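Trainee: Next comes the sequence, and after it the predicted model I'd like to discuss.
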Amino acid sequence: MGIRVAVAGASGYAGGELLRLIAGHPELDMVAATAHRQAGAPVTAVHPQLVGLDLVFAATEPATLADADLVFLALPHGESAALAAALPETVRVVDLGADHRLRDAAAWTRYYGGEHAGTWTYGLPELPGQRAAIAAATRVANTGCYAVATTLALAPLVAAGAVDPADVVVVAASGTSGAGRAAKTNLLGSEVMGDLSPYKVGAHQHVPEIKQATGATSLSLTPVLAPMPRGILATVTAVPTGDADPRAVLARAYADAPFVHVLPEGAWPHTAATLGSNSCHLQAGVDVDSGRLIVVSAIDNLGKGAAGQAVQCANLMLGLPETMGLSVWGIAP
Ligand SMILES: NC(=O)C1=CN([C@@H]2O[C@H](COP(=O)(O)OP(=O)(O)OC[C@H]3O[C@@H](n4cnc5c(N)ncnc54)[C@H](OP(=O)(O)O)[C@@H]3O)[C@@H](O)[C@H]2O)C=CC1
Ligand SMILES: CC(=O)N[C@@H](CCC(=O)OP(=O)(O)O)C(=O)O
């Protein structure tokens, strides 16, 4: 028997991707997969891609999860805190939701509503010092999907003093799985196919998370829903403060990061190249007219944006190689 793990919210999109990664992980053994409305259903009835995984969704109860060494929570916002508090301190927890990401309680209430549950170690290993912090933590708050794509593009430039932190603009397109399995109203194929539409304009919940993670002080984020199941392409622009080469700054920052790839000069990220992987692809340049620095970032929102990132954090928390059970390479076409 390897390390015992459980997934709460396993019937959702992020939960399904976690089950897939755990099933292929050499050291992790699944001891429970829980659901809400789907409790009692076979896993393969909800996730047919997991053919052969002979498990039935249990109800989401602390007693079902408490027996694991590590629990992944892939629940709607506001549902993680009470469940995590009911688990023994000895059980490590990675929360894929937003409940424990922000230090600013007022910002949490403004964007998510309700009372802030507290702040856990932020689950982005590529930030300076964060790999060691995650390895030492028993509770880790996994990143938001737009937040990880944007933060990986921006944080080294702010840290190097290469851009003005008070003038950052992000436009980011996401595949529909980013909204979760429960989202139906505007995601029916007939309405999404052949369409690009902005949403949460001027008030996206990942803005305070990105500011906290990067040190940006003013940031505009416009999300766009794209007619594809997976992937995020974030275009980040900022005003340079000097003549630092943005690509060189990023290449230095991620020289030892196994999942963050600064592409060869002239190659720009494609979401399709990251699908099924835990990778983030980056490229940087300068806008010849405005002089703004441009960084483009691509991830799989269910990979580096959610389940892959959660497994990377779990590997660190469990003392396993950071890359274990995760792919650097995407599937294509
Ligand atoms: N999708 C993505 O790309 C990303 C998602 N996340 C975060 O991960 C979490 C899960 O997201 P996602 O998988 O997309 O969402 P889904 O809507 O696809 O899945 C939600 C899961 O939570 C369960 N659930 C629903 N309501 C409750 C409840 N009241 N109590 C307990 N369980 C409940 C559902 O069970 P059932 O279906 O059986 O009712 C399902 O298993 C969210 O916090 C999300 O913000 C973070 C980054 C990216
Ligand atoms: C397409 C789409 O709707 N995407 C979601 C992303 C949700 C996500 O990343 O999760 P967290 O809220 O846990 O951070 C959104 O924009 O709200």
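Mentor: The structure has been received and is ready for your questions. Ligands and ions are numbered 1, 2, ... in the order given.
Trainee: going forward, measure contacts between C-alpha atoms and count neighbours the same way
Mentor: Fine.
Trainee: Quick check: residues of the stretch 201-333 of the chain near ligand 1?
Mentor: Neighbours of ligand 1 within the stretch 201-333 of the chain, by CA under 6 Å from any ligand atom: 301-302, 305-306.
Trainee: Most neighbours of all these, which one?
Mentor: Of these, residue 301 is surrounded by the most neighbours, 33 neighbours in total, counting by other CA atoms under 10 Å.
Trainee: For the closest residue to ligand 2 within the stretch 201-333 of the chain, name its beta-bridge partners.
Mentor: The nearest approach of the stretch 201-333 of the chain to ligand 2 comes at residue 225, 5.7 Å away (CA to the nearest ligand atom). Judged by DSSP bridges, the bridge partners of residue 225 are residue 174, residue 197.
Trainee: Number of residues surrounding it?
Mentor: 22.
Trainee: show me what contacts it?
Mentor: By CA atoms under 8 Å, 6 or more residues apart in numbering, the contact set of residue 225 is 173-176, 196-199.
Trainee: ditto for residue 150
Mentor: 170, 210, 234-236, 297.
Trainee: Quick check: the gap between it and ligand 1.
Mentor: Taking CA to the nearest ligand atom, to the nearest Å as the measure, residue 150 falls 13 Å from ligand 1.
Trainee: thinking again about what came up before, adding pLDDT and neighbour count, write the contacts of residue 225 out as a markdown table.
Mentor: Listed next are those as a markdown table, based on pLDDT from 0 to 100; neighbours: other CA atoms under 10 Å:
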| residue | pLDDT | neighbour count |
| --- | --- | --- |
| 173 | 98 | 23 |
| 174 | 98 | 27 |
| 175 | 96 | 21 |
| 176 | 94 | 24 |
| 196 | 95 | 14 |
| 197 | 94 | 11 |
| 198 | 97 | 13 |
| 199 | 95 | 12 |
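Trainee: show me which of these neighbour ligand 2.
Mentor: 174-176.
Trainee: Touching, residue 99 and residue 77? I think so.
Mentor: Yes - counting by CA atoms under 8 Å, residue 99 does reach residue 77; the two are 6.1 Å apart.
Trainee: circling back: for the residue of the stretch 201-333 of the chain closest to ligand 2, give me the pLDDT.
Mentor: Here, the pLDDT recorded for residue 225 equals 95.
Trainee: Name the residues of stretch 285-294 that are buried.
Mentor: Counting neighbours by 16 or more other CA atoms under 10 Å, one finds that the buried residues in stretch 285-294 are 285-286, 292-294.
Trainee: Next: stretch 269-288.
Mentor: Going by 16+ other CA under 10 Å, stretch 269-288 has these buried residues: 269-286.
Trainee: Nearest residue to residue 298 in space, ignoring adjacent ones along the chain?
Mentor: In space, and not counting its chain neighbours, residue 298 is closest to residue 233: 4.6 Å by CA to CA, 6 or more residues apart in numbering.
Trainee: The helix or strand containing residue 107 near ligand 2 at all?
Mentor: Using DSSP states H and E, residue 107 maps to helix 105-112. No - residues of helix 105-112 are not located near ligand 2 by CA under 6 Å from any ligand atom, the shortest gap being 8.8 Å.
Trainee: what do you get for stretch 65-75?
Mentor: No - using CA under 6 Å from any ligand atom, stretch 65-75 never reaches ligand 2; the gap is at least 8.8 Å.
Trainee: Kindly report the residues of the protein close to ligand 2.
Mentor: Where proximity means CA under 6 Å from any ligand atom, the interface of the chain facing ligand 2 comprises 97-98, 144-145, 174-176, 178-179, 225.
Trainee: Past the helix or strand containing residue 44, which element shows up next along the chain?
Mentor: Per DSSP H and E: residue 44 is located in helix 43-46. Counting by DSSP H and E, the next helix or strand C-terminal to helix 43-46 is strand 58-59.
Trainee: Give me the residues contacting that next one.
Mentor: Outside strand 58-59, the residues within contact range by CA under 8 Å, 6+ apart are 32-36, 39-40, 64.
Trainee: I'd like to know which of those residues is nearest to residue 253.
Mentor: residue 33 (36.9 Å; CA to CA).
Trainee: count of neighbours near the closest one?
Mentor: Around residue 33 there are 27 other residues, counting by other CA under 10 Å.
Trainee: same thing with residue 130?
Mentor: Residue 130 is flanked by 15 other residues according to other CA under 10 Å.
Trainee: Having no further points to raise, I will conclude here.
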